[in-house]
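1. this one's structure only:
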């Protein structure tokens, strides 16, 4: 069922509205809210949302015998609907990053109203996932971020079957974000980051779609009659297990490797060229061995900008459920 | 003395510098140490122009009457030259807000610059003034904003700044990311001034703040110069529960009926929202409290919930 909630009137009529869809099983099980499009150019999230909407509608209509919905699934495909229709990251009118506007205000400016409405309509969820991409200068390998070591949450994160799970620390920036306010409401909250803004990455979207279906099965919200897939073990990383590679020079960065690859210490990540001469002015090397989680995907680079982020496996790295393995 | 705080090259090899200008006493230890910073947002021009004027004033004083400079005064006129060059509030590459980078880890150019500025002010100053303008929509009467809890030690400084109003406002999570909060956390007494509107300069506001800064420097013992020949404003002190927001319930064009800085009575018209298609009045916005209109919408277009004015619930001083 598609519902329209907050409708915003513009000076020349309706400017847009926040919409979400809900599918509910007949049993009373847990519920999950999948939210994406905090940024208007969050096209990967929108794609995942539309494919999942189609998937759950098919189940609801009885078009597939492979699944049965037990709990409740809610999908909000585009939060920042005004920016989405402009093809921009933030709504041009106020340029506010919605992830800095939570918890919002029902009587406030448009962006504050939207944030408040998101919290209101997701407040009954047992689990909530926000789908995000790296900003337009970077590319993220699909991974999960969580801000608690709660066992149930870690199991849910593992069930997404993505490349890595990061257990993050609560930074000051985190305090204004949607996940934090979900956690305050005792919702099991996860962030899935993959791809980049403005650019559709279908293989990454496919991983996330499959991951979210696997998670709903794991949570008992969806029942599958298909042969279960063999589960892989997701590596877990804490905040100390990450290192960034910074540019020492400004110039034109060309990466040598792609996200999701395991790289060796000293391996070339990419090169920075001088624009006028084509001369290599810097060779960016991996300071440690590990999984390449993020890479700069927009060539123009300034000194001291992040070129790459690497997740470093510790000896005896934790795999769910706490097996040890070295890369 | 001109000091380059940080310098970086653009991808095409141009050099960009974040500089500060330092003035100090010639023959004694500084009596006090003050930092004035502006331009965290590239489209907030009022503070940048003010810093330029202060540099001109202090440079002249340094030559003509160096004994008048008793404190160390450091001016950071353009903290964010990249955004100023693009005339944008945000850092152009990635649309980042510089005033949300001060609790960061320094692992990006903007975060690194922010951390360097923060560290430099903490190391070299006891008092700091961070000057901002309103955004593109709202024009602000010159005012000092203080987070509730820091008011006791900051209000005496704020009273010297020749502003119209001192607003002690409640804490919110995002303040933890700002320069002002992080300076106060590090025991530098920091006040934030808001004045004017984004992307514009107002000569009267510029004059008012200039005299305010000279007065502040005199009052803290940084300058021993002639008192500015202008009557000092007596700011009103506004507590968190004394600010009333007037917002629009309709989308349209806001046409104000009052002027910024006007004292209004309860029920007075603040302005009308008109329909851009036919000119009909969609809404008459009236003051729901008497007081001083210290914020007024400058950009006409509104959506439901847009702020059109802020009123300080106060009696007019005679």
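-> On my side now, so go ahead. Bear in mind that the values here come from a model prediction, so they are computed numbers and not experimental data.
2. Tell me the buried residues in the longest helix along chain B?
-> For chain B, the helix that runs over the most residues, judged by DSSP state H, is helix B:45-64. In terms of neighbour count (16 or more other C-beta atoms under 10 Å in any protein chain shown), helix B:45-64 has its buried residues at B:45-55, B:57-58, B:61. Every residue, glycine included, has its C-beta placed from N, CA and C.
3. Provide a list of residues in contact with residue 51.
-> Using chain A. The contact partners of residue A:51, by C-beta atoms under 8 Å, 6 or more residues apart in numbering or on different chains, come to A:205, A:209.
4. that's the wrong chain, I wanted chain B
-> Residue B:51 is in contact with B:36, B:37, B:38, B:39, B:75, B:76, B:77, B:78, B:131, counting by C-beta under 8 Å, 6+ apart.
5. if we go to 10 Å?
-> B:20-21, B:36-39, B:75-79, B:129, B:131, B:213 (C-beta atoms under 10 Å, 6 or more residues apart in numbering or on different chains).
6. Over to residue A:250?
-> Residue A:250 touches A:272, A:274-275, A:281-282, A:300-305, B:8-16, B:109, counting by C-beta under 10 Å, 6+ apart.
7. what's the burial count for the residue nearest to it when sequence neighbours are not counted?
-> Spatial nearest neighbour of residue A:250, chain neighbours left out: residue B:9 (4.3 Å); criterion: C-beta to C-beta, 6 or more residues apart in numbering or on different chains. Using other C-beta atoms under 10 Å in any protein chain shown, residue B:9 is surrounded by 14 other residues.
8. Which residues does residue B:9 form beta bridges with?
-> Beta-bridge pairing of residue B:9 under DSSP bridges involves residue B:15.
9. mind checking how far it is from residue B:105?
-> 22 Å (C-beta to C-beta, to the nearest Å).
10. that older thread, narrow the contacts of residue A:250 to those in helices?
-> residue B:109.
11. Show the buried residues in the contacts of residue A:250.
-> When the contacts of residue A:250 are checked for burial by 16+ other C-beta under 10 Å, the buried set is A:272, A:274-275, A:281-282, A:300-305, B:8, B:10-11, B:16, B:109.
12. So, low pLDDT: which residues of the chain?
-> Using chain A here. Low-confidence segments of chain A (pLDDT under 70): A:315-327.
13. Actually, chain B is the one I wanted.
-> B:317-318.
14. And it, what are its domain boundaries?
-> B:2-237, B:242-312 (automatic domain parsing).
15. What segments of the stretch 51-200 of chain B are helices?
-> Along the stretch 51-200 of chain B, the stretches classed as helices by DSSP state H, counting those that start in this stretch are B:81-86, B:109-124, B:151-158, B:179-185.
16. right, quick check: the shortest one against chain A, any contact?
-> Translated: helix B:81-86. Yes: using C-beta under 10 Å from any C-beta of the partner chain, helix B:81-86 reaches chain A at residue B:82.
17. Which of the contacts of residue B:51 lies at the shortest distance from chain A?
-> Nearest to chain A among the contacts of residue B:51 is residue B:79, at 16.0 Å by C-beta to the nearest C-beta.
18. Cross-check the contact I'm expecting between the closest one and residue B:99.
-> Yes: contact criterion C-beta atoms under 10 Å: residue B:79 and residue B:99 qualify, at 9.3 Å.
19. mind checking how far stretch A:153-172 is from the chain centre?
-> Distance of stretch A:153-172 from its chain centroid, counting by C-alpha atoms, centre = their mean, to the nearest Å, is 11 Å.
20. on that earlier part again, could you provide the domains of chain B in a markdown table, with additional columns for distance to residue A:237?
-> Below are those laid out as a markdown table (distance: least, C-beta to C-beta, whole Å):
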| stretch | distance to residue A:237 |
| --- | --- |
| domain B:2-237 | 17 |
| domain B:242-312 | 41 |
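21. Can you list the buried residues in the strand or helix carrying residue A:210?
-> Using DSSP states H and E, residue A:210 sits in helix A:202-218. Using 16+ other C-beta under 10 Å as the test for burial, helix A:202-218 gives A:204-205, A:207-209, A:211-218.
22. Please convert these to a markdown table, extending it with distance to residue A:140.
-> Formatted as a markdown table, those follow (distance: C-beta to C-beta, whole Å):
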| residue | distance to residue A:140 |
| --- | --- |
| A:204 | 8 |
| A:205 | 12 |
| A:207 | 12 |
| A:208 | 11 |
| A:209 | 16 |
| A:211 | 14 |
| A:212 | 16 |
| A:213 | 21 |
| A:214 | 20 |
| A:215 | 18 |
| A:216 | 22 |
| A:217 | 25 |
| A:218 | 23 |
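23. now, which of the residues you listed sits nearest residue B:84?
-> Taking C-beta to C-beta as the measure, residue B:84 lies nearest residue A:204 of the buried residues of helix A:202-218, at 36.8 Å.
24. who touches that closest one in this structure?
-> With contact taken as C-beta under 10 Å, 6+ apart, residue A:204 is in contact with A:44, A:47-48, A:133, A:139-142, A:162-163, A:194-196, A:259-260.
25. repeat that for 6 Å
-> With contacts defined as C-beta atoms under 6 Å, 6 or more residues apart in numbering or on different chains, the neighbours of residue A:204 are A:142, A:194, A:195.
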